[in-house]
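**Student:** can't give you the sequence, but here's the structure:
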């Protein structure tokens, strides 16, 4: 991939006069500059811009996508999301100044650098470490210059930032003390949480948990949440599979795969590349893939022995980078659990089916490199189980479930199974889970579990009631609209109201 370099001009022109900046962006003294880092630009963004204006903010910089909604922030500098993603400046700033970051700035963000190098598995998979680091330095220099030029007082993201450039923006904002707002879907219906800091989580949710703990019975939940709870816990024949998994499983059925191959063959014939592609395909026959490596190492699980179940998270994705922190390295998580196992225990590890469906499919990549599964299988007392093994059966028969983040962790909680949590999912504040930081914390957790500790149903009911009391009804992620009764406009209205309320605190 070609990395586009920023334009270098004189460093002594780094900052603009703030009054000049306000004049150029038509900001009145009663308005505060805001950045909208939201990869959209359609009509549904108009309420977001209007909502910011309602509480005294003006969008002066928008990283998004072209659309009619962009006109609602006519004075803003527009930066195409795809350009920002590969390190290309906003068109209006391509001839403006930027300075390469110096040692003082780079040193302040060493942890950010580490996160970004892994986050670049998405989109920059072909780049080596040095090329990734240099691109990061370019982006850090550009965005720090943009902050000095425009001095935003609020930055709004749709979700937890995880697309390299927007995560750099987020960390710069935290460093400079600029307020940030973002949302996270919980997949419990259309309930969302608002964060100003994704590590700290939702203060409203945390307060509601304390208020409700031990005071809720099932009949205190809304009918919708009662049904959700029943589906997950009592109705044995109900299909509790998340809707996104059902969708991707259908998309990757043998029939759909056959139709896809026919379509690709037709396109190759029409483009005159059929023989070239056929030759390339023939060269790959018999070569190792993720699937062949994995399947050569798996063993059927014995559900009668004590074990910790570890479902791997799909990568690269937000749920491990940044929300996994250092445990974006899932092998590190597995090693940590395995080192703390009581005598006679095993760790059963299962790959996420989507890992072979999306992005690179069964081809090796930076997130799943040659030998990845062999490394896992070589860890003492760790067993890879077939990918088709039923996840719910593994949860129900396990002593505990270990996750970085992911739906499986909350599915375990709902089924009364203890969770060893390594990352920062939306349910990180559940009172009866174990926050893991090292081998000793796993060892302590497993001793308690062995002595009978497990999540209490009363705690889970209180937790769901707290979610009901503090959530936002709406959706950002795809597929949630399929399980919501809200229209897109109703969802966006609720999101904007929550954003406004937070920005007026």
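**Tutor:** Looks like it arrived, so ask away. Because the structure is a prediction, the values reported are computed rather than measured.
**Student:** what about the helix ranked longest in the chain, distance to the chain center?
**Tutor:** Taking DSSP state H as the criterion, the chain has its longest helix at helix 129-150. Mean-position distance between helix 129-150 and its chain equals 22 Å (CA atoms, centre = their mean, to the nearest Å).
**Student:** try stretch 170-181
**Tutor:** The answer for stretch 170-181 is 18 Å, by CA atoms, centre = their mean.
**Student:** buried sites along that stretch?
**Tutor:** Within stretch 170-181, the residues that count as buried by 16 or more other CB atoms under 10 Å are 170-174, 178-181. Placement of C-beta: from N, CA and C, glycine included.
**Student:** Can I get those in CSV including pLDDT and distance to residue 229?
**Tutor:** Converted to CSV, the buried residues of stretch 170-181 look like this (pLDDT from 0 to 100; distance: CB to CB, whole Å):
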residue, pLDDT, distance to residue 229
170, 98, 34
171, 98, 38
172, 98, 41
173, 98, 37
174, 98, 36
178, 98, 39
179, 98, 35
180, 98, 33
181, 98, 30
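**Student:** Distance to residue 121 and secondary structure added to the residues you listed, as TSV?
**Tutor:** Output for the buried residues of stretch 170-181, formatted as TSV (distance: CB to CB, whole Å; DSSP: H, G, I helix; E, B strand; the rest coil):
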residue	distance to residue 121	secondary structure
170	18	helix
171	18	helix
172	22	helix
173	24	helix
174	23	helix
178	28	coil
179	30	strand
180	24	strand
181	27	strand
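**Student:** Reformat the residues you listed as CSV; add distance to residue 34.
**Tutor:** Below are the buried residues of stretch 170-181 laid out as CSV (distance: CB to CB, whole Å):
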residue, distance to residue 34
170, 14
171, 18
172, 15
173, 11
174, 16
178, 10
179, 9
180, 11
181, 10
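**Student:** so which of those would you say is closest to residue 154?
**Tutor:** Nearest to residue 154 out of the buried residues of stretch 170-181 is residue 179 (CB to CB; 4.9 Å).
**Student:** so that closest one bridges to which residues?
**Tutor:** residue 154 (DSSP bridges).
**Student:** I figured it hits residue 156, correct?
**Tutor:** No: in this structure, residue 179 is not within contact of residue 156 by CB atoms under 8 Å, at 9.3 Å.
**Student:** got the phi/psi numbers for the residue nearest the centre of the chain?
**Tutor:** Taking CA atoms, centre = their mean, the centroid of the chain lies closest to residue 318, which sits 2.2 Å from it. Main-chain torsions, residue 318, degrees, to the nearest 10: phi -50, psi -40.
**Student:** Can you name the residues that contact it?
**Tutor:** Taking CB atoms under 8 Å, 6 or more residues apart in numbering, we find residue 318 in contact with 159-160, 162.
**Student:** Ok, residue 404 next?
**Tutor:** 313, 319-320, 323-324, 327-328, 330, 333, 422-423.
**Student:** Please report the distance of it from residue 312.
**Tutor:** 9 Å (CB to CB, to the nearest Å).
**Student:** Over to residue 207?
**Tutor:** Distance from residue 207 to residue 312, counting by CB to CB: 33 Å.
**Student:** So for these two, which residue has more residues nearby?
**Tutor:** Set side by side, residue 207 and residue 312 give different neighbour counts by other CB atoms under 10 Å, the larger being at residue 312 (25 against 13).
**Student:** can I assume the more buried one is in contact with residue 354?
**Tutor:** No: contact criterion CB under 8 Å: residue 312 and residue 354 do not qualify, at 10.2 Å.
**Student:** Quick check: residue 320 is in a helix.
**Tutor:** No: if the criterion is DSSP: H, G, I helix; E, B strand; the rest coil, then residue 320 is coil and not within a helix.
**Student:** you'd agree it is up against residue 313?
**Tutor:** Yes: using CB under 8 Å, residue 320 is in contact with residue 313, at 5.2 Å.
**Student:** Overlap in contacts, those two.
**Tutor:** With CB under 8 Å, 6+ apart, residue 320 and residue 313 have common neighbours 330, 404-405.
**Student:** Just name the closest of those to residue 450, please.
**Tutor:** residue 404 (23.1 Å).
**Student:** follow-up on the earlier one: format the shared contacts of residue 320 and residue 313 as a markdown table; extra columns: pLDDT and secondary structure.
**Tutor:** Below are those laid out as a markdown table (pLDDT from 0 to 100; DSSP: H, G, I helix; E, B strand; the rest coil):
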| residue | pLDDT | secondary structure |
| --- | --- | --- |
| 330 | 98 | helix |
| 404 | 98 | coil |
| 405 | 97 | coil |
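**Student:** tell me which of the residues you listed is nearest to residue 78?
**Tutor:** residue 405 (32.7 Å).
**Student:** Okay, strands next: where are they in the stretch 1-150 of the chain?
**Tutor:** Here the stretch 1-150 of the chain has its strands, by DSSP state E, counting those that start in this stretch, at 32-37, 57-64, 77-80.
**Student:** Then the stretch 151-300 of the chain?
**Tutor:** Counting by DSSP E, counting those that start in this stretch, the stretch 151-300 of the chain has these strands, from start to end: 154-159, 179-185, 191-195.
**Student:** Between the ones you listed, which one is closest to residue 415.
**Tutor:** Among the strands of the stretch 151-300 of the chain, strand 191-195 comes nearest to residue 415, with 19.6 Å by CB to CB.
**Student:** Strand 179-185 and that closest one, what's the angle between them?
**Tutor:** 160 degrees (axes from the mean of the first three to the mean of the last three CA atoms, to 10 degrees).
**Student:** Mind giving me the packing neighbours of strand 191-195?
**Tutor:** If you count contacts as 3 or more CB pairs under 8 Å, 6 or more residues apart in numbering; DSSP states H and E, strand 191-195 packs onto strand 179-185, helix 457-470, strand 472-473, helix 488-503.
**Student:** Of all these, which one is nearest residue 134?
**Tutor:** Shortest distance between residue 134 and those, using CB to CB, is found for strand 179-185: 26.8 Å.
**Student:** What lies in contact with that closest one?
**Tutor:** Outside strand 179-185, the residues that touch it by CB under 8 Å, 6+ apart are 153-161, 170, 173-174, 191-198, 426, 472, 474-477, 480, 495, 498-499, 502-503.
**Student:** Equivalent analysis for stretch 297-305, please.
**Tutor:** Here stretch 297-305 makes contact (CB under 8 Å, 6+ apart) with 307, 344-346, 348, 373-374, 377, 383-387, 389, 393-394, 397.
**Student:** Out of the residues you listed, which end up buried?
**Tutor:** 307, 345-346, 348, 373, 377, 383-385, 387, 389, 394, 397.
**Student:** Which of these fall within strands?
**Tutor:** Using DSSP state E, the subset of the buried ones among the contacts of stretch 297-305 located in strands is 307, 346, 348, 383-384.
**Student:** As TSV, these with pLDDT and distance to residue 45 would be great.
**Tutor:** Listed next are these as TSV, based on pLDDT from 0 to 100; distance: CB to CB, whole Å:
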residue	pLDDT	distance to residue 45
307	98	48
346	98	50
348	98	45
383	98	48
384	98	44
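**Student:** For these, which two are the farthest from each other?
**Tutor:** Greatest spatial distance among these (CB to CB): 307 and 384, at 12.6 Å.
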